[in-house]
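**Q** One predicted model, sequence on top.
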Amino acid sequence: MNELLKELRGQIEERTANVAVVGLGYVGTPVAALWAEAGFQVAGYDIQQKKVDLINKGISPIEGKEPGLTELVADVVSRGKLRVFSTFESIKSADVILVMVETPVDDQTKLPRYKAMRAALKSIGERLKPGTLVIIESTIAPKTMETDVQRILEKTSDLKLNQEFFLAHCPERLMPGRLIEIIRNYSRVIGASSPEVGQVVKAFYSHVVKADLDITDLLTAEIVKTTENTERFVEIAFANEVALLCEDLGADVWKVRDLINKREDRNMLKPGAGVGGHCLPKDFSLLTAHIRDTSPTKVIAAAQEVNDRMPIHMAQLLLDGLRAAGIGDVNGYKIAVLGYSYLENSDDIRNSPTAVLVNVLESFGFDVEIHDPWVEEFKHKSVYDVALNADAVVLMVAHDQYFELGWRSIIMALRHKVVVDGRNVLGKDKAKELGIIYRAIGVGA
Ligand SMILES: NC(=O)c1ccc[n+]([C@@H]2O[C@H](COP(=O)([O-])OP(=O)(O)OC[C@H]3O[C@@H](n4cnc5c(N)ncnc54)[C@H](O)[C@@H]3O)[C@@H](O)[C@H]2O)c1
């Protein structure tokens, strides 16, 4: 075994390796805190001074229901195990560097926009010391480890891969709402620059992850991650298609889904008002990015068409509900929209389906007011105040708070008793009980 790699393995086993985490977002914050809790000295790096200041005060920058995270960040910072920085000087002492910056796609071309990752790699490469292991946890297009990561690090550091530094791609599988639980308990795929490097990376992850750690090559790991998110995106599209079909047939997709899923080997996903977040709406584009011109995919494009249509379909359901209430010309009518984040109980608003819906509604002439208990801009008024004198309520996100509402008083506050439900918050039976005009994804009249 390479002497530098052998030395690193010893440091990892004894937890004396210095760990650096670059990018302190939904992925980087819990990862930094968990490895600090595991006994490593961890340094975090982020270009947002505000985040750096918060974390150094022991405050997690992530809002939303995130069990265990607030306490964990406070604990490791107070014990001096985690310190974070907005400049990169001290990264030169790191033995293991984890990169988890954002990796979006371009709005127009849908090709990867690696501005953040390339900048991070340059900052790292210019300070890389021999013997360092660099792990990319960000989701990347297949072949990026070769075309971007290795190339930039070798060029900026003047060090040679597998001789003087080592590389791995260990894509993150977490979801907001379950950050800590998933990192600890979900199996991980380790793509490594050599099988020996893979064993050292496995030793590193086994300090925190209590599940299988499967070693493979870099390209396979890249394809596994982008494919697993693409699979979910396509399956949601299928559920959405069945929901539209149930509406036309006059059936209830939630009953259909329950009965299908009684079969143990079936798992139909939930249909809904749209797919958002940083990952699902772009990871399918990453999957095919390097073979865009020759890509044989057909199903993925169809799935995108179906999923993109869902917030627009919500607007159509609203118009239909208002027509049933006797309203034709909608100009100036007030709509209360509940939920702006892309996921229940989260503050993450990236690629929010509600943003798409609101644009459509405003173009129709509606006056839209938004509520979201987790999003700073929309959390200061109560649901009741937002709904007061509205002509309809549109439910876009299944936040716990919306299930727990006193719906009778909300309905009483409305001018017209129309509710459009994109997440099965009320359901057909409760809607009937409330005596409202109810339109919902997947529920036929
Ligand atoms: N959010 C999720 O649920 C999730 C799940 C699995 C995988 N991922 C993947 O993980 C990666 C990160 O996602 P995220 O949701 O944590 O993103 P995020 O936007 O929450 O966090 C990224 C952080 O990186 C920082 N950053 C940007 N450029 C930097 C630089 N040059 N140096 C240092 N810091 C820099 C940003 O300021 C930001 O705080 C993405 O590739 C994403 O696809 C995310």
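**A** On my side now, so go ahead.

**Q** contacting residues for Gly25?
**A** Gly25 sits next to Asp46, Pro61, Ile62, Met100, Val101, Glu102 when contact means C-beta atoms under 8 Å, 6 or more residues apart in numbering. Backbone N, C-alpha and C define where each C-beta goes, glycine included.

**Q** I should have written Gln150 there, sorry.
**A** Leu161, Leu167, Ser193.

**Q** Wait, a helix at it?
**A** Yes - looking at Gln150 with DSSP: H, G, I helix; E, B strand; the rest coil, it is inside a helix.

**Q** how near is it to the ligand?
**A** With distances taken as C-beta to the nearest ligand atom, to the nearest Å, Gln150 is found 18 Å from the ligand.

**Q** Pull up the residues of the stretch 151-300 of the chain that are close to the ligand.
**A** Glu172, Leu174, Met175, Pro176, His278, Cys279 (C-beta under 6 Å from any ligand atom).

**Q** Verify the stated contact: the fourth one with Ser346.
**A** Right, Pro176. Yes - Pro176 sits in contact with Ser346 when judged by C-beta atoms under 8 Å, with a separation of 4.2 Å.

**Q** shared neighbours, the two?
**A** Listed as contacting both Pro176 and Ser346 by C-beta under 8 Å, 6+ apart are Gly64.

**Q** sorry, back to before: select only the buried ones of the residues of the stretch 151-300 of the chain next to the ligand in PyMOL?
**A** Buried residues within these, by 16 or more other C-beta atoms under 10 Å, are selected in PyMOL with:
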select buried, resi 172+174+176+278+279
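
**Q** Now do the strands in this structure.
**A** Secondary structure of the chain by DSSP state E: the strands cover 18-22, 41-45, 82-85, 96-99, 132-136, 165-169, 188-192, 213-217, 334-338, 367-371, 392-395, 418-421, 437-440.

**Q** Could I get the buried residue list for the fourth one?
**A** Going back to what we said before, that points to strand 96-99. Val96, Ile97, Leu98, Val99.

**Q** The third one too?
**A** Across strand 82-85, burial judged by 16+ other C-beta under 10 Å covers Leu82, Arg83, Val84.

**Q** hang on, Pro373 packs against His380?
**A** No - if you go by C-beta under 8 Å, Pro373 and His380 don't touch, sitting 10.1 Å apart.

**Q** Excluding residues flanking it in the chain, which one is nearest Ser157?
**A** Leu128 (4.0 Å; C-beta to C-beta, 6 or more residues apart in numbering).

**Q** I figured that neighbour hits Glu154, correct?
**A** No - if you go by C-beta under 8 Å, Leu128 and Glu154 don't touch, sitting 9.6 Å apart.

**Q** Any regions of the stretch 101-250 of the chain where pLDDT drops low?
**A** Nowhere does the stretch 101-250 of the chain drop to pLDDT under 70.

**Q** In the stretch 1-150 of the chain, which residue sits nearest the ligand?
**A** The nearest approach of the stretch 1-150 of the chain to the ligand comes at Gly25, 1.9 Å away (C-beta to the nearest ligand atom).

**Q** what domains does the record give for this protein?
**A** Taking automatic domain parsing as the reference, the chain has its domains at 3-211, 232-440.

**Q** closest to Leu218 out of those domains?
**A** Closest to Leu218 of these, according to C-beta to C-beta: domain 3-211, at 4.2 Å.

**Q** before we move on, the earlier item: so can I have TSV of the strands of the chain showing distance to Ala324?
**A** Putting the strands of the chain into TSV (distance: least, C-beta to C-beta, whole Å) gives the following:
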stretch	distance to Ala324
strand 18-22	53
strand 41-45	53
strand 82-85	54
strand 96-99	53
strand 132-136	52
strand 165-169	53
strand 188-192	50
strand 213-217	54
strand 334-338	15
strand 367-371	20
strand 392-395	11
strand 418-421	8
strand 437-440	5
